[in-house]
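Novice: Quick one: sequence and predicted model below, then my questions.
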Amino acid sequence: MTSNFDTVQFRINVYSLKKGEIGDNLLKDNIIVTLVGKKKGWVEVDLLPYDVRVDQSVVVSAEWVNASKRGNYLALPIGMPRPGNKHFYKFGSQNRWKIFNMMSAAMLLQIRQ
């Protein structure tokens with residue numbers, strides 16, 4: 001991630017994935033991540049305190065919800081081509097999901113059992 005905003009906020013969402021389609025948000029509460037200061041590099045978000053438990057395929061998303069007035073650049077890298085991967089995207093919370101094959105957002109999800 002690269003950002004020159006003073007502050008930026010993301011909502012982390014975890015959606016069910018059934019037959020390649022995004023389903024319901026599986027989280028009970030909002031997970032809001034606030035990043036202060038200009039950032040470059042990986043951002044780590046620990047979901048352990050939120051007791052996120054799943055027993056199915058999921059899609060994890062970072063939804064940009066707010067930013068300070070000072071700043072004008074935010075980039076979340078996407079890798080391509082990525083055979084076998086899919087990138088889920090929607091422009092705005094009320095829009096439909098779009099699926100892009102052979103793309104992947106630069107996210108790493110570590111599973112604990």
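Specialist: Received it, and whenever you're ready, just let me know what you need.

Novice: residues touching the residue nearest to Gly79 when sequence neighbours are not counted, list them.
Specialist: Nearest non-adjacent residue to Gly79, counting by CB to CB, 6 or more residues apart in numbering: Ser104, 5.0 Å away. No exception for glycine: its C-beta is placed from N, CA and C like everyone else's. For Ser104, the contacting residues are Ile78, Gly79, Met80, Arg82, Asn85, Lys86, His87, by CB atoms under 8 Å, 6 or more residues apart in numbering.

Novice: hmm, try it at 10 Å
Specialist: For Ser104, the contact set (CB atoms under 10 Å, 6 or more residues apart in numbering) comprises Pro77, Ile78, Gly79, Met80, Pro81, Arg82, Gly84, Asn85, Lys86, His87.

Novice: In TSV, list those along with secondary structure, pLDDT and neighbour count.
Specialist: Compiled in TSV, the contacts of Ser104 are given as follows (DSSP: H, G, I helix; E, B strand; the rest coil; pLDDT from 0 to 100; neighbours: other CB atoms under 10 Å):
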residue	secondary structure	pLDDT	neighbour count
Pro77	coil	88	10
Ile78	strand	87	13
Gly79	strand	85	12
Met80	coil	87	12
Pro81	coil	85	10
Arg82	coil	86	15
Gly84	coil	86	8
Asn85	coil	88	14
Lys86	strand	90	14
His87	strand	91	17
